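A.B. asks: Sequence and predicted structure below; questions after.
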There are 2 protein chains.
Amino acid sequence: MEKDREKCLKLAIRIYELDAMVYKASGSDLGRTFSGSKKHNIDELLILIMSNPQGHLLRSEMALIGNMARSIRDKQVRHDLMVEYNDILEEIASLPKSFGSVDIVDKDLADLNSSILNKKFSDEDHLVICISRSHGSAGTDIGFALSESLRINYYDEAVLNQILERRDVKEFGADGPKTNDFSRYHGLSKQDAMFFRQSALICELAKQEDMIVMGRCADVVLTGQHIPHISIYITAPFAIRVRRMMEVKNMDLKQAINMIRKMDHKHQDYYHAYTGRRWGDAINYDLCINSACYGIEESVELIERLINRQAKSNRHKEQSPKK
Amino acid sequence: MEKDREKCLKLAIRIYELDAMVYKASGSDLGRTFSGSKKHNIDELLILIMSNPQGHLLRSEMALIGNMARSIRDKQVRHDLMVEYNDILEEIASLPKSFGSVDIVDKDLADLNSSILNKKFSDEDHLVICISRSHGSAGTDIGFALSESLRINYYDEAVLNQILERRDVKEFGADGPKTNDFSRYHGLSKQDAMFFRQSALICELAKQEDMIVMGRCADVVLTGQHIPHISIYITAPFAIRVRRMMEVKNMDLKQAINMIRKMDHKHQDYYHAYTGRRWGDAINYDLCINSACYGIEESVELIERLINRQAKSNRHKEQSPKK
């Protein structure tokens, strides 16, 4: 305890003196961080450090000194003071309960997040990207363009259903029960029957190959099965989505507004029914993208940057001469 | 019009034949994309293409063929078929209202988004990162760590207020009116007075330097002034934030839950009061990050990847020997 106090006092003095040197060296209009008597200032710093080195008050004091130090014109002086500044930050970081020492990371979530794949996952693992999107946000175009750019498979509701229907034909023959009849055999509503079959198929595929899957609550389904994936939500401001729908579908304003309202409600209800979560809530996804800020191409590049996959997509280039 | 039909018919036939070749070459269990008579299939494709080349039905048909083609083991055959596949996609893209031709990008929003800075902005522009975060999500630690990694200035409420107070002292002397009295002179509530002074300062700084600003509705303030910036929202699941608060602040469960509920409400009300928007709604930000998926260090790296700034932060290394 006494040793801690010693350590903190030394730090408090170093911070005070660094501030004095930085203030002297910089013409910054921020003025001196600490005014008043030296003893008084050092006592205050000591209390800040000992009470809560992680507190944002100490952080802000350091930020002020750092901001000022970066404004020093003389490169050599700036370098020397930044070295001392960084040493002090590291000292603070080494204190119990110091900056960043209490991390936020949730192991279970992180283990499922394959965007940090290059670090946490072996080459054996598959890159599975779940894209949920609001209607009119071009999320579907982004997902499809991403699958082409990464040269990985693309699965949306229609593709999944065609696969399931073909399996039915294989299994029961052309005249056998179709997916639509599937529920009969389980006493489930058609939608529930489809959802569970799609979910099983998504998990099966995710274990076999790199893929992009659109919607279907795939992120929650895969999380439930502890299958690594990235969950991305793509949306855009209502007005922008309306404008886009008017262009894409030749709708008038009223039609487009009603269409998007209807689809948003449908997505909300579907997602909530099968996950119990609020659709579009940033908390549910690894990452949310406002496509109106980036456009389709930029959004694709942004996601590729995010997952460090330009390299991988280049390795796949031999599959195609396309840029 | 007749020429369009010609063009679309040629495409329909190419798609049909590609599917046949891909099916033949791949042992895929997906089965043949088009069953039934050739004429019937081509007519259907023709309708799909002419009616809505952007429609997701045609997209799904193409996705099925692409998925199957990628599963072909013979590298040369796969290459040849992928070339044809990509040619057809480009053909489709060249049709009026084709995939991705109706982009979502909103010029005003995109112009403000400096995460695509390397493309759209000159070196003269400043990198301004606005970070909004939910309490307990480690957003503050991430912002501070990011500013240290990028070697750019860090401004949070405390830093901004200290700057404003010093200016008051400079202007009015130590005994002059303090920021707290500022409202007296404008008939504003203290909070409003502070908000407007902080907003003015944020805009002033954003025009001068690269910076990170925490909270303060800075994203909306800067958007209003047409100052380029990136807006990022950092959050984490409620339970994770509670657990972290218990560790960081030595709180018991009940205290932590109440604290986070209280702070979330406070943030919501503040953000809504000054922006009229719903705080934490993915639509309001360029990007939302679930810090529980990444942790502090990963989140910093993720944002650096996003803005392509490792290079920049390395250029700044001379300022410090720190890793």
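C.D. replies: Arrived safely, thanks for sending.
A.B. asks: So which residue is dead centre in chain A?
C.D. replies: By C-alpha atoms, centre = their mean, chain A has its centre lying nearest to A:Leu287, at 2.7 Å.
A.B. asks: in the sheet, who's paired with that residue?
C.D. replies: A:Ile232, B:Ile289 (DSSP bridges).
A.B. asks: Tell me how far the closest residue to A:Met211 other than its chain neighbours lies from B:Val83.
C.D. replies: In space, A:Met211 comes closest to A:Asn153 once its chain neighbours are excluded; the distance is 4.6 Å by C-beta to C-beta, 6 or more residues apart in numbering or on different chains. No exception for glycine: its C-beta is placed from N, CA and C like everyone else's. Between A:Asn153 and B:Val83 the computed distance is 18 Å (C-beta to C-beta, to the nearest Å).
A.B. asks: show me where chain A has strands.
C.D. replies: A:128-133, A:153-155, A:211-214, A:230-235, A:287-290 (DSSP state E).
A.B. asks: before we move on, the earlier item: between A:Asn153 and B:Val83, which one's more packed in?
C.D. replies: A:Asn153 (21 against 14; other C-beta atoms under 10 Å in any protein chain shown).
A.B. asks: Name all residues that make contact with that one.
C.D. replies: Going by C-beta atoms under 8 Å, 6 or more residues apart in numbering or on different chains, A:Asn153 touches A:147, A:205, A:209-212, B:63, B:66-67, B:70.
A.B. asks: and the residue of chain A positioned farthest from its centre, backbone torsions?
C.D. replies: Distance from the centre of chain A peaks at A:Ser37, with 46.6 Å (C-alpha atoms, centre = their mean). For A:Ser37, the backbone dihedrals (degrees, to the nearest 10) come out as phi -70, psi 150.
A.B. asks: Quick check: pLDDT value at A:Ser231.
C.D. replies: What the model reports as pLDDT for A:Ser231 is 91.
A.B. asks: and it, what is it in contact with?
C.D. replies: A:130, A:132, A:219, A:284-287.
A.B. asks: Quick check: closest non-adjacent residue to it.
C.D. replies: A:Asp219 (3.5 Å).
A.B. asks: right, and the one you found touches A:Asn284 too?
C.D. replies: Yes - contact criterion C-beta atoms under 8 Å: A:Asp219 and A:Asn284 qualify, at 7.4 Å.
A.B. asks: Give me the distance from stretch A:289-305 to the chain's centre.
C.D. replies: Computed by C-alpha atoms, centre = their mean, to the nearest Å, the separation of stretch A:289-305 from the middle of its chain amounts to 13 Å.
A.B. asks: A:Asp219 and A:Asn284 - which one has more neighbours?
C.D. replies: A:Asp219 (27 against 22).
A.B. asks: now the contacts of A:Asn153: which count as buried?
C.D. replies: A:147, A:205, A:210-212, B:63, B:66-67, B:70 (16 or more other C-beta atoms under 10 Å in any protein chain shown).
A.B. asks: Residue of the stretch 201-323 of chain A nearest chain B, please.
C.D. replies: The stretch 201-323 of chain A approaches chain B most closely through A:Gly295 (3.0 Å), counting by C-beta to the nearest C-beta.
A.B. asks: for chain A, which spans come out with low pLDDT?
C.D. replies: For chain A, the stretches flagged by pLDDT under 70 are A:1-2, A:28-35, A:54, A:97-102, A:104, A:109, A:111-124, A:174-186, A:308-323.
A.B. asks: ok, the residue nearest to A:Leu201 when sequence neighbours are not counted - how many residues close by?
C.D. replies: Spatial nearest neighbour of A:Leu201, excluding adjacent residues (C-beta to C-beta, 6+ apart): A:Leu160 at 5.7 Å. Counted with other C-beta under 10 Å, the neighbours of A:Leu160 add up to 23.
A.B. asks: any idea how far A:Leu160 lies from B:Ser71?
C.D. replies: 16 Å.
A.B. asks: ok, the residue nearest to A:Ser231 to A:Tyr285 distance?
C.D. replies: Distance of A:Asp219 to A:Tyr285, computed by C-beta to C-beta: 7 Å.
A.B. asks: where do the contact lists of these two overlap?
C.D. replies: Joint contacts of A:Asp219 and A:Tyr285 (C-beta under 8 Å, 6+ apart) are A:132, A:231.
A.B. asks: Does A:Lys38 touch A:Tyr16 like I think?
C.D. replies: Yes - with contact defined as C-beta under 8 Å, A:Lys38 reaches A:Tyr16; the gap is 6.7 Å.
A.B. asks: Pairing-wise in the sheet, spell out the partners of the closest residue to A:Asp156 other than its chain neighbours.
C.D. replies: Counting by C-beta to C-beta, 6+ apart, A:Asp156 lies nearest to A:Met214, which is 4.1 Å off, once chain neighbours are set aside. When bridges are called by DSSP bridges, A:Met214 pairs up with A:Ile131.
A.B. asks: Burial check on A:Met214, number of neighbours?
C.D. replies: A:Met214: 27 neighbours (other C-beta under 10 Å).
A.B. asks: which residue does the stretch 51-200 of chain A bring closest to chain B?
C.D. replies: A:Val105 (3.0 Å).
A.B. asks: For that residue, which non-adjacent residue is spatially closest?
C.D. replies: B:Gly295 (3.0 Å).
A.B. asks: List the residues that contact A:Ile42.
C.D. replies: Going by C-beta under 8 Å, 6+ apart, the list of residues near A:Ile42 reads A:9, A:12-13, A:16.
A.B. asks: Output these as CSV; include the columns distance to chain B and neighbour count.
C.D. replies: What follows is those, written out as CSV (distance: C-beta to the nearest C-beta, whole Å; neighbours: other C-beta atoms under 10 Å in any protein chain shown):
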residue, distance to chain B, neighbour count
A:Leu9, 23, 16
A:Ala12, 18, 21
A:Ile13, 21, 15
A:Tyr16, 16, 20
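A.B. asks: isn't A:Ala138 right next to A:Ile234, touching?
C.D. replies: Yes - in this structure A:Ala138 lies within contact range of A:Ile234 using C-beta under 8 Å: 7.5 Å.
A.B. asks: Need the residues touching each of the two.
C.D. replies: Common contact partners of A:Ala138 and A:Ile234 (C-beta under 8 Å, 6+ apart): A:291, A:299.
A.B. asks: just checking, A:Ile240 touches B:Asp103?
C.D. replies: No - using C-beta under 8 Å, A:Ile240 is not in contact with B:Asp103; the gap is 10.5 Å.
A.B. asks: If you count surrounding residues, which of those two has more?
C.D. replies: Between A:Ile240 and B:Asp103, counting by other C-beta under 10 Å, A:Ile240 is the more crowded of the two (23 against 19).
A.B. asks: pretty sure A:Asn290 contacts B:Tyr285?
C.D. replies: Yes - counting by C-beta under 8 Å, B:Tyr285 is a contact partner of A:Asn290 at 6.4 Å.
A.B. asks: what about the two, which has more around it?
C.D. replies: Each of A:Asn290 and B:Tyr285 has its neighbours counted (other C-beta under 10 Å); A:Asn290 has more, 26 against 23.
A.B. asks: residues touching the closest residue to A:Leu146 other than its chain neighbours, list them.
C.D. replies: Leaving aside its sequence neighbours, A:Leu146 sits nearest to A:Val300 (C-beta to C-beta, 6+ apart; 4.9 Å). By C-beta under 8 Å, 6+ apart, the contact set of A:Val300 is A:142, A:145-146, A:149.
A.B. asks: can you list those residues in JSON lines and add neighbour count and distance to A:Ala110?
C.D. replies: Formatted as JSON lines, the contacts of A:Val300 follow (neighbours: other C-beta atoms under 10 Å in any protein chain shown; distance: C-beta to C-beta, whole Å):
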{"residue": "A:Ile142", "neighbour count": "29", "distance to A:Ala110": "25"}
{"residue": "A:Ala145", "neighbour count": "22", "distance to A:Ala110": "28"}
{"residue": "A:Leu146", "neighbour count": "24", "distance to A:Ala110": "23"}
{"residue": "A:Ser149", "neighbour count": "19", "distance to A:Ala110": "26"}
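A.B. asks: Kindly indicate which of these lies nearest B:Lys170.
C.D. replies: A:Ile142 (50.5 Å; C-beta to C-beta).
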